[in-house]
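K.L.:
For reference, the sequence and a predicted model appear below.
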Amino acid sequence: MSHPNGDTTNPNFEPKLIGFLCNWCSYRAADLAGISRIKYPPNMRIIRVMCSGRVDPTFVLEAFAQGADGVMVAGCHPGECHYIEQNYKTMRRFYMLRQMLVQMGLEPERFRLVWASAAEGQQLADAVTEMVEQVRQLGPLQWHANWQENGQRLEALQAIVQEHQQAMEVPK
Ligand code: FES
């Protein structure tokens, strides 16, 4: 299978992932994984957000545009969000955004939504491990170079996201 985005010829490729983790659950799950010495690859840079619903689609686009090979959004299980139902909005936003990214040529494995409670350190570690391996198989994304070659592309994408935000009633 060919991967239009990736250069799979570099055997030393280490994926760079960005993880937006909810403060109340998945960030604590990551903490628990660390405290419990659960092993998982160190490829994900974690950004703590108060709720997965705080992850604006432009954060995701920015992460890819700045050189991430994959982005994970992780939050409380549906029904357990500390801000009532924000993670249902996260879910709607995720599927719409991923569909849009896939239409632009991004492999779906590069953008992932995970639910992990504070007690699920192992589950979060497993999800990170699996994603790192999948993205490693795909190779580097290299969108960073594409954005630089055609800076208008990001602006066009942001305009589309804004339209989607209005359609999805995403709060600011
Ligand atoms: S508080 Fe965790 S997803 Fe909303």
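P.N.:
Ah, there it is. Numbering: from 1, shown residues only.

K.L.:
And the contacts of stretch 104-113?
P.N.:
Residues outside stretch 104-113 that contact it (C-beta atoms under 8 Å, 6 or more residues apart in numbering): 3-5, 60, 64, 69-75, 90-91, 94, 97-98, 101-102, 127, 131, 134-135, 138, 141, 143, 157. Any C-beta I mention is one placed from the backbone N, CA and C, and that applies to glycine too.

K.L.:
Tell me the buried residues in it?
P.N.:
Residues of stretch 104-113 classed as buried under the neighbour-count rule (16 or more other C-beta atoms under 10 Å) are 106-107, 110-113.

K.L.:
near the ligand at all, that stretch?
P.N.:
No - Stretch 104-113 is not in contact with the ligand by C-beta under 6 Å from any ligand atom; minimum separation 10.7 Å.

K.L.:
Can I get the buried residues of stretch 104-113 in TSV including secondary structure?
P.N.:
Below are the buried residues of stretch 104-113 laid out as TSV (DSSP: H, G, I helix; E, B strand; the rest coil):
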residue	secondary structure
Leu106	coil
Glu107	coil
Arg110	helix
Phe111	strand
Arg112	strand
Leu113	strand
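
K.L.:
out of the residues you listed, who's nearest Asn23?
P.N.:
Asn23 lies nearest to Leu113 out of the buried residues of stretch 104-113, by C-beta to C-beta, at 16.8 Å.

K.L.:
show me where pLDDT drops low in the chain?
P.N.:
1-9, 144-172 (pLDDT under 70).

K.L.:
quick one: Leu17 from Asn43, how far?
P.N.:
5 Å (C-beta to C-beta, to the nearest Å).
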